[in-house]
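Here you go, sequence then predicted model.
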There are 2 protein chains.
Amino acid sequence: MKREFKPKCIDVSTTGLKIAVMNKEDAEEMDLNGMDRIEIKAGDKECTAVLDLTEEFVKKGEIGLFKEIPEELGKCPERVTVKPKEKPSSIKSIKSKLDGEELKENEINQIITDLMEERLTDVELTGWISANYIRGLSEPETITLTKAIVNSGETIQMDGKKILDKHCIGGVPGNRTTPLIVSIIAAAGLTIPKTSSRAITSPAGTADTMEVMCNVEIEKERVEEIVEQTGACMVGGKLVNLAAADDKLIRIRHPLSLDPRGMLLASILAKKKAVGAEKVIIDIPIGEGAKIKSKEEAKDLAGDFDQLGDALDMDVHCLITDGDHPIGCAIGPALEAIEVLKILRGDDVSPELKEKSLRLAGILLELGGKAEEGKGWIKARNILESKKAYEKFKEIIRAQDGDPEIKPGDIEVGDVTKTVKAEKSGKISHIDNKGIAKVAKLAGAPKEKGAGMYLEVEEGEKIKEGQELFTLYADSERKIEEALEAYEDRNPIEFSKIILEELT
Amino acid sequence: MKREFKPKCIDVSTTGLKIAVMNKEDAEEMDLNGMDRIEIKAGDKECTAVLDLTEEFVKKGEIGLFKEIPEELGKCPERVTVKPKEKPSSIKSIKSKLDGEELKENEINQIITDLMEERLTDVELTGWISANYIRGLSEPETITLTKAIVNSGETIQMDGKKILDKHCIGGVPGNRTTPLIVSIIAAAGLTIPKTSSRAITSPAGTADTMEVMCNVEIEKERVEEIVEQTGACMVGGKLVNLAAADDKLIRIRHPLSLDPRGMLLASILAKKKAVGAEKVIIDIPIGEGAKIKSKEEAKDLAGDFDQLGDALDMDVHCLITDGDHPIGCAIGPALEAIEVLKILRGDDVSPELKEKSLRLAGILLELGGKAEEGKGWIKARNILESKKAYEKFKEIIRAQDGDPEIKPGDIEVGDVTKTVKAEKSGKISHIDNKGIAKVAKLAGAPKEKGAGMYLEVEEGEKIKEGQELFTLYADSERKIEEALEAYEDRNPIEFSKIILEELT
């Protein structure tokens, strides 16, 4: 059934998916439902759109065309012919997955193609992701999905170089190992083109921290030049556009926090594959308040990473690390940037962050053939202590349009501060990740780069009454107060107790 | 985090859900993601919106407000203040269901409330429906959902009357029993306020057929008057707005054909409960080409109906009927209207349709206390043959603004016709529902009321070469040709064969 309509062109973008709006009565007469596909023809031009229905916004005989449609048709036509169009074949595959069937390679590839071409609605994509969440992804499905995500975006090509990479599962405040590891690895002559995300739920991501010192949003071609020149980079993901399908999937996964294991694995390793990584370490922090709670869970995840890595010709080396409490003392983009700079310059700060970075860098040096087994840590320490890592870091900063001579004192932090002192003496039994992250975020991190908190104490330390526990940094008194309220509420720095509870 | 924006009001409706569009950079700085909720404030007015992101359509510092938002705020304000807002609590319940948990009564009620208040996005609703589809709904969940759907819409109140109702699961062309049953039941002095849907995938629904003879879209208050006056009605669902949440759920269920059993049951019985039905018969046709294939499947479904009916204080009486082939001879709104009128007037047409209507009406008469057990059929036949049913039908037609004196010959059918004759003699072994429905739909039914087909033969009949098999009715030669093509392609009228296949 074909019918003519008078277009009403709407200068509003529907960000990709082409949407046309029809009056409910017309749709009924044409036997069309909301979210059905229609073919819209004007002269020799045509395009496929998804149908939305209205009772008022367009009258009978009219069809509302959002911005992308007149763009595709070349102009806003006088008349268009509309007819029903078959749904994309992906819909059948999505239904199969909902029904518990394993999808074939061509089915998953088609879903990702249709996703990239904006042919699937949110309802259809959510159907697939919900099915993946409940039914799980098989190993072949996960492999196909990862490859399809890699192919959906750009890739970084570094001919003839063995590429290393690292990733952290996250959840541990202050755990800013990346700038230290990348500097050490590149200083040793290895190649590590690091793309990092910004904070999603944490007070800072590596991209947020690096942005304090240099540009992090850089076009892919320039990133390749920087890596060619320095052996490394530390950039965000906006302009390099690796694994493009992943962002589109995360948009749908986000509202219900749908994180099917296979999609999580694919999301992480696709980004590593897209930079051509051959050897990758994955830092899996475990502990209360970390994303992964137990060693068993971590081992299970590591097994999946190994398996998927094998299928992608990637040597994935998982490290289960202590993620029970914050790692570095500085939490928040600028505070973390200062801490990283201090460690590179040889200052004795955040010993746990420094030690963890050396351990991880050591393993990467071994995997990269720059150190014998067991000797990586010593080599990493030498590179750090000889300031070669610092020199490399300055090189990268310069390449990314930053000032290589930036000093810790040059970095601005929030000008409203508040130092909290111990009200009693005692031993610190535990520092809680989630509570600390909450306090730092309420102070304004990561949105205000200078906001956050600096921990003056560590787990296990014996404290005297009046000793400084931490300092808050923010851009307003109000935020300091909000952060303090959360601190008092959640009490993330716990003292050992002898009497745990008094029963009355 | 609060921030000021300059509104860009967009005169486009987003059909309910309030959508605001922000530049990606602003959203990043505010730590907001697409589909997050925001609170928009202008002076002392405020509203909650769902966030959409763009790179171009609105600039930094601007916020795009779709029509519903300035409407809520009273005007398009000069400036607005925006801050993040917690997601509705339903989101947590939806996640629980995805994780396999049974939802509590208050959780399901809240989801339906949020659905009706347009507080949930398509992604969130699809997550819930996908979870229902895969995990299934428990009996308590189904009961709660049904009651919540009833409460979401209008109800028809007929004080002091015992209300009867009927429903057919569908899938059988020509099965237009409703007008006959309703006329018989109301003629017996019982009350049957019948709301019917239009065709969704079939060549005609009861509402499409009745619309040939009278108005079917009638306001609820008038419907109550009509039922008070005549004991019955036969109306569509658009204006009475029973079980309002059901339409909203079907919109999301449609694209992936997600029909979780519990939602299907809730959808059907909520509409019966909303008219106050105490005794309901459900016609479950089984057979090849019907919606339900086997007797086992039908019994299972019937068990669920019984159970849900009990919980709703409704006596649900399921009837498994022969749905292997078309029931009436007429297929298409006008053709079916003529057939119904002829049967009511005493003409000897469509004997199977007449007999089935009498059987079903008989059971309803027994359930309604108007006939002893086993005597309903005779009573129904008496009411039909004495023309009391026809008188009642005319009364209903008049009440619904139709001409009670309408004759079968007054009803217009498609003026392009084509009669197909048997090319050989033989016995008709089977008439296929789906093939017949396809042919009638290609002829133009239900959109063109006069289109469809009239079967001149029935299953089991012995046919001579040249005898008429059926006549097609359409409004154009092209449609007749398309229907004929489908007929030749699908061959829905099958002849008995002795040699089933010749192997060479």
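Looks like it arrived, so ask away.

average pLDDT across the strand or helix carrying residue A:355?
In this assignment (DSSP states H and E), residue A:355 forms part of helix A:351-367. Averaging the model's pLDDT scores along helix A:351-367 yields 96.

after it, next one along is what?
With elements assigned by DSSP H and E, the helix or strand that comes after helix A:351-367 is helix A:376-385.

Just list what that next one packs against, helices and strands only.
On a contact count with 3 or more Cβ pairs under 8 Å, 6 or more residues apart in numbering or on different chains; DSSP states H and E, helix A:376-385 meets helix A:178-187, helix A:351-367. Yep, even glycine has a C-beta here, placed from its N, CA and C like the rest.

Next, the buried residues of it.
Of all the residues in helix A:376-385, those buried under the rule 16 or more other Cβ atoms under 10 Å in any protein chain shown are A:376, A:377, A:379, A:380, A:381, A:383, A:384.

Only alpha carbons, please: show that helix as CSV.
Provided in CSV are the C-alpha atoms of helix A:376-385 (Å, rounded to 0.1, in the frame of the first residue of the first chain):
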residue,chain,number,x,y,z
GLY,A,376,60.9,-6.2,35.5
TRP,A,377,60.3,-4.4,38.7
ILE,A,378,64.0,-3.5,39.2
LYS,A,379,64.2,-2.3,35.7
ALA,A,380,61.1,-0.2,36.1
ARG,A,381,62.4,1.3,39.4
ASN,A,382,65.7,2.2,37.7
ILE,A,383,63.9,3.9,34.9
LEU,A,384,61.8,5.9,37.3
GLU,A,385,64.6,6.7,39.7
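
So for that helix, mean pLDDT?
97.

contact partners of the helix or strand that it is followed by?
Following helix A:376-385 in sequence order, the next helix or strand is helix A:388-399 (DSSP H and E). Helix A:388-399 is contacted from outside by A:179-180, A:182-184, A:186-187, A:213-214, A:226, A:229-234, A:344-346, A:383, A:403-406, using Cβ atoms under 8 Å, 6 or more residues apart in numbering or on different chains.

From the chain's centroid, how far away is helix A:388-399?
From the chain centre to the centre of helix A:388-399 is a distance of 24 Å (Cα atoms, centre = their mean, to the nearest Å).

Same check on stretch A:369-388?
Using Cα atoms, centre = their mean, the mean C-alpha position of stretch A:369-388 is found 29 Å from that of the whole chain.

Pull up the distance across it, start to finish.
From its first residue to its last, stretch A:369-388 covers 18 Å (Cα to Cα, to the nearest Å).

Average pLDDT for the host helix or strand of residue A:336, rounded please.
Residue A:336 belongs to helix A:333-345 when assigned by DSSP H and E. Across helix A:333-345, pLDDT averages out at 98.

For it, C-alpha coordinates in PDB please.
Only the C-alpha atoms of helix A:333-345 are listed here, as PDB (Å, rounded to 0.1, in the frame of the first residue of the first chain):
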ATOM      1  CA  PRO A 333      42.100  15.400  38.500                       C
ATOM      2  CA  ALA A 334      44.500  18.200  39.500                       C
ATOM      3  CA  LEU A 335      45.500  16.600  42.800                       C
ATOM      4  CA  GLU A 336      46.300  13.300  41.000                       C
ATOM      5  CA  ALA A 337      48.200  15.200  38.300                       C
ATOM      6  CA  ILE A 338      50.400  16.800  41.000                       C
ATOM      7  CA  GLU A 339      51.000  13.400  42.700                       C
ATOM      8  CA  VAL A 340      52.000  11.800  39.400                       C
ATOM      9  CA  LEU A 341      54.300  14.700  38.600                       C
ATOM     10  CA  LYS A 342      55.900  14.500  42.100                       C
ATOM     11  CA  ILE A 343      56.500  10.800  41.800                       C
ATOM     12  CA  LEU A 344      58.100  11.200  38.400                       C
ATOM     13  CA  ARG A 345      60.300  14.000  39.800                       C
END
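
Could you check the angle it makes with helix A:178-187?
Per axes from the mean of the first three to the mean of the last three Cα atoms, to 10 degrees, the angle that helix A:333-345 makes with helix A:178-187 is 40 degrees.

Could you check helix A:333-345 against chain B for contacts?
No: shown here: helix A:333-345 not in contact with chain B (Cβ under 8 Å from any Cβ of the partner chain), separated by at least 12.6 Å.

Stretch A:134-147 too?
Yes: against chain B, stretch A:134-147 shows contacts by Cβ under 8 Å from any Cβ at A:134, A:135.

what comes up buried for that stretch?
A:134, A:135, A:137, A:141, A:142, A:143, A:144, A:145, A:146, A:147.

and the lowest-mean-pLDDT helix or strand in chain A, C-alpha only, in CSV?
Lowest on mean pLDDT, DSSP states H and E among the helices and strands of chain A sits helix A:24-29, with a mean of 84. The C-alpha trace of helix A:24-29 is given here as CSV (Å, rounded to 0.1, in the frame of the first residue of the first chain):
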residue,chain,number,x,y,z
LYS,A,24,-2.6,8.0,13.9
GLU,A,25,-5.6,7.8,11.5
ASP,A,26,-3.4,7.6,8.4
ALA,A,27,-1.2,5.0,10.1
GLU,A,28,-4.3,2.9,10.9
GLU,A,29,-5.5,3.1,7.4
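
could the buried residues of stretch A:134-147 go into CSV alongside distance to residue A:96 and secondary structure?
Output for the buried residues of stretch A:134-147, formatted as CSV (distance: Cβ to Cβ, whole Å; DSSP: H, G, I helix; E, B strand; the rest coil):
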residue, distance to residue A:96, secondary structure
A:134, 14, helix
A:135, 10, helix
A:137, 13, coil
A:141, 12, helix
A:142, 17, helix
A:143, 18, helix
A:144, 14, helix
A:145, 15, helix
A:146, 20, helix
A:147, 20, helix
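
Serialize these to CSV and add fields for distance to residue A:84.
Below are the buried residues of stretch A:134-147 laid out as CSV (distance: Cβ to Cβ, whole Å):
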residue, distance to residue A:84
A:134, 31
A:135, 31
A:137, 33
A:141, 32
A:142, 36
A:143, 36
A:144, 31
A:145, 31
A:146, 36
A:147, 34
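
and which of these is nearest chain B?
residue A:134 (4.8 Å; Cβ to the nearest Cβ).

Kindly report the residues of the stretch 101-250 of chain A close to chain B.
Residues of the stretch 101-250 of chain A lying near chain B by Cβ under 8 Å from any Cβ: A:121-127, A:130-131, A:133-135, A:198-199.

Mind doing that once more with 7 Å?
A:121, A:122, A:123, A:124, A:126, A:127, A:130, A:131, A:133, A:134, A:135 (Cβ under 7 Å from any Cβ of the partner chain).

hang on, the earlier thing: could the buried residues of stretch A:134-147 be laid out in TSV, adding pLDDT?
Formatted as TSV, the buried residues of stretch A:134-147 follow (pLDDT from 0 to 100):
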residue	pLDDT
A:134	97
A:135	97
A:137	97
A:141	98
A:142	98
A:143	98
A:144	98
A:145	98
A:146	98
A:147	98
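
what does the helix or strand that residue A:71 is a member of rub up against?
Using DSSP H and E, residue A:71 sits in helix A:68-73. Identification of contacts with helix A:68-73 by Cβ atoms under 7 Å, 6 or more residues apart in numbering or on different chains yields A:9, A:13, A:14, A:18, A:20, A:40, A:42, A:45, A:47, A:49, A:76.

Report the strands that pair with the helix or strand just after that helix, each with its relative direction.
For helix A:68-73, the following helix or strand on the C-terminal side (DSSP H and E) is strand A:80-85. Counting by DSSP bridges, the strands paired with strand A:80-85 are strand A:3-10 (antiparallel), strand A:37-42 (antiparallel).

that older thread, as a markdown table, the residues of the stretch 101-250 of chain A next to chain B with secondary structure and distance to residue B:434 would be great.
A markdown table is the format used below for those (DSSP: H, G, I helix; E, B strand; the rest coil; distance: Cβ to Cβ, whole Å):
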| residue | secondary structure | distance to residue B:434 |
| --- | --- | --- |
| A:121 | coil | 27 |
| A:122 | helix | 31 |
| A:123 | helix | 26 |
| A:124 | helix | 25 |
| A:126 | helix | 30 |
| A:127 | helix | 25 |
| A:130 | helix | 30 |
| A:131 | helix | 28 |
| A:133 | helix | 34 |
| A:134 | helix | 31 |
| A:135 | helix | 30 |
